[in-house]
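Colleague: Here is a sequence with its predicted model. Questions after.
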Amino acid sequence: MEKRTIMISKIKFILVLLMTVTLSTTGISQEQKTKKIQPKIMVIPYTPADRSIADELNRNDLSRLAISRVKEAFDKRNFPTVDLNAKLKLLQNDRVMELENQASIKQELIELSGADMYIETETTINRSNGGNSVTIILSAYDAFTGVSLANKSGVSPRFYTESFEKLVEKAVSEMTDDFMNTLQLRFDDMNANGRMLAMNITFSEDSEYDMDYEFGDLDLLSDKIEDWLENNSYGSYYHIQGVTATKMIVDEMRVPLKTENGKNFRVSKFVQKFRKYLKKLGLDTSRDLQGGRIFITIQ
Amino acid sequence: MQINQISKVTSLKTLPLLLLLFVSLIVFSCKTSKLTGETMLIEPSPSGQLYVLAGGYGNMKEASVNNAIQNAFMNILLQGIPESNQSTPLLGNNAQDVYASNRGFFDKLFENDIERFILDKKVSNFKFLNLNEPSTNVKLKINLNAFRSHLEQKGIIRAFGL
């Protein structure tokens, strides 16, 4: 009789154990089902102030080659990039071409391409009596915050040659692995500490509020916003570039990649939550979203 | 019969001595192998490869070569090789933790599979001087791409991206 009781309790224990394992496995597979949204990366040429990206691509063969090699390196790691040429063609008759300032064109192109990150590729020819070489500089930036993510420079060996294409290929080939490793460390950091967003908060022209508006508890509107940022940014990580009566620029704040239930974190939800908070304070708002850049206008 | 008894007594007397000798041999050979940072880049390599020189410790040639190979891979995993295609740790920001939590996998890898990721191997003359100097130097051309892919497939590191 006693043996039977022991057997039953053993079976019960095994059943509970099996159920726990099954439940935890289901939990993991649910988590794995929601794949992380990967950032879009675009490789562009470095352009001097007086030259457009399209001009640089047309005139500089080496730059085109370097871009192509960098893109190949990403492809090899199963990470497709946004095609610059395709985007340029798409935007050819768009407002980008109407802009006169080259820096603005670059910024517009990055914004309209939908890229989250861009990699600038600079190629320079070095001529000397001891032979010719090329210098390659790769710089990766966050498209929304402008934060530098990875940098790598490399010089090809010197050869008595005018075939600079070979030198570019060699230099790029020797540096892409390490450049991507540095970028991966940044991705790891984002996984651990959240991704970056930027937010501009302004007022409509006829708004009766400003950042110095004082609430009943003597807090200014800017204080209220900062309190919210402190409570809602990932690990309370945010940086305010500046506050004036009419504007607050948050040039960097962190949000998680995934929500608590394993779903991808949506910036629109984050904005929705912020707008609800402002509404509770009695403020009507409108918003614009460009990838990781948020524009809030208080009415 | 008497001779048999004498030999039995002798072997019983020498047994502890032999055992002591055996144990000290094992201890000595274990102590001679060690993990160090003595891995240097020989020359820049094309994408996906690494050409390094690693020092190996050991009083036997085979042991010292194995030690050099292990040293090279351990440095790639945990420290990275300066000025190379892999100047940062292959296991990422928390390399030591990742290694410690997958110790069984790596022990098995070094025991059976590591040769798969070696494209070329040149062993210099073996010379055992003392415990503080490498007894051999090994030039290794490593298939970094394949090694990285293997670690990704086994879930040790994440694929490129978030």
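Modeller: Perfect, thanks for sending it.
Colleague: Neighbours of the residue lying closest to B:Gln49 once chain neighbours are set aside, how many?
Modeller: Leaving out its chain neighbours, the residue that sits closest to B:Gln49 by CB to CB, 6 or more residues apart in numbering or on different chains is B:Leu144, at 5.8 Å. Just so you know, the C-beta spots here come from the backbone N, C-alpha and C atoms, and that holds for glycine as well. Counted with other CB atoms under 10 Å in any protein chain shown, the neighbours of B:Leu144 add up to 22.
Colleague: give me every residue that touches B:Leu144.
Modeller: B:Leu144 is in contact with A:Asp177, B:Gly48, B:Gln49, B:Leu50, B:Ile76, B:Asn85, B:Gln86, counting by CB atoms under 8 Å, 6 or more residues apart in numbering or on different chains.
Colleague: Could you export those to TSV, including columns for pLDDT, secondary structure and neighbour count?
Modeller: Below are those laid out as TSV (pLDDT from 0 to 100; DSSP: H, G, I helix; E, B strand; the rest coil; neighbours: other CB atoms under 10 Å in any protein chain shown):
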residue	pLDDT	secondary structure	neighbour count
A:Asp177	92	helix	26
B:Gly48	91	coil	19
B:Gln49	94	strand	21
B:Leu50	95	strand	26
B:Ile76	96	helix	25
B:Asn85	89	coil	28
B:Gln86	93	coil	25
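Colleague: now those residues in a markdown table, with distance to A:Phe274?
Modeller: A markdown table is the format used below for the contacts of B:Leu144 (distance: CB to CB, whole Å):
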| residue | distance to A:Phe274 |
| --- | --- |
| A:Asp177 | 40 |
| B:Gly48 | 45 |
| B:Gln49 | 49 |
| B:Leu50 | 48 |
| B:Ile76 | 45 |
| B:Asn85 | 43 |
| B:Gln86 | 42 |
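Colleague: with those residues in mind, which one is nearest to A:Val267?
Modeller: A:Asp177 (31.7 Å; CB to CB).
Colleague: Identify the residues contacting the residue nearest to the closest one when sequence neighbours are not counted.
Modeller: Leaving aside its sequence neighbours, A:Asp177 sits nearest to B:Asn85 (CB to CB, 6+ apart; 3.8 Å). By CB under 8 Å, 6+ apart, the contact set of B:Asn85 is A:Glu174, A:Asp177, A:Asp178, B:Pro44, B:Ser45, B:Ser47, B:Gly48, B:Gln49, B:Leu50, B:Leu144.
Colleague: measure the residue in the stretch 151-299 of chain A that chain B sits nearest to to A:Asn85 for me?
Modeller: Relative to chain B, the nearest point of the stretch 151-299 of chain A is A:Asp177 (3.8 Å; CB to the nearest CB). To A:Asn85, A:Asp177 is 25 Å away according to CB to CB, to the nearest Å.
Colleague: Equivalent analysis for B:Phe160, please.
Modeller: 23 Å.
Colleague: same question, A:Ile296
Modeller: For A:Ile296 relative to A:Asn85 (CB to CB), the value is 35 Å.
Colleague: Looking at those two now, which is surrounded by more residues?
Modeller: Counted by other CB under 10 Å, A:Ile296 and A:Asn85 do not tie: A:Ile296 has more neighbours, with 22 against 11.
Colleague: Just give the number of residues close to the residue lying closest to that one once chain neighbours are set aside.
Modeller: Excluding the flanking residues, the one nearest A:Ile296 by CB to CB, 6+ apart is A:Ile201, at 4.6 Å. Using other CB under 10 Å, A:Ile201 is surrounded by 23 other residues.
Colleague: try A:Met196
Modeller: When neighbours are counted by other CB under 10 Å, A:Met196 comes out with 22.
Colleague: and whichever strand or helix holds it, how far from the chain's centre?
Modeller: Using DSSP states H and E, A:Met196 falls within strand A:195-203. Here strand A:195-203 is found 14 Å from its chain centre; the criterion is CA atoms, centre = their mean, to the nearest Å.
Colleague: Could you do stretch A:71-80 as well?
Modeller: For stretch A:71-80, the separation from the chain centroid amounts to 17 Å (computed by CA atoms, centre = their mean).
Colleague: tell me the contacts of the residue nearest to A:Ile296?
Modeller: By CB under 8 Å, 6+ apart, the residues touching A:Ile201 are A:Ile225, A:Lys247, A:Met248, A:Ile249, A:Val250, A:Ile296, A:Ile298.
Colleague: could you redo the last one with a cut-off of 7 Å?
Modeller: Residues near A:Ile201 by CB atoms under 7 Å, 6 or more residues apart in numbering or on different chains: A:Ile225, A:Lys247, A:Met248, A:Ile296, A:Ile298.
Colleague: Identify the bridge partners of it.
Modeller: Going by DSSP bridges, A:Ile201 is paired in beta bridges with A:Met248, A:Ile296.
Colleague: mind checking how far it is from B:Ile81?
Modeller: For A:Ile201 relative to B:Ile81 (CB to CB), the value is 47 Å.
Colleague: next one: A:Asp217
Modeller: Relative to B:Ile81, and taking CB to CB, A:Asp217 is found at 58 Å.
Colleague: In this model B:Lys141 seems to touch B:Lys122, though I could be wrong.
Modeller: No - taking contacts as CB atoms under 7 Å, B:Lys122 lies outside contact range of B:Lys141: 8.9 Å.
Colleague: Compare neighbour counts for those two and give me the winner.
Modeller: B:Lys141 (16 against 10).
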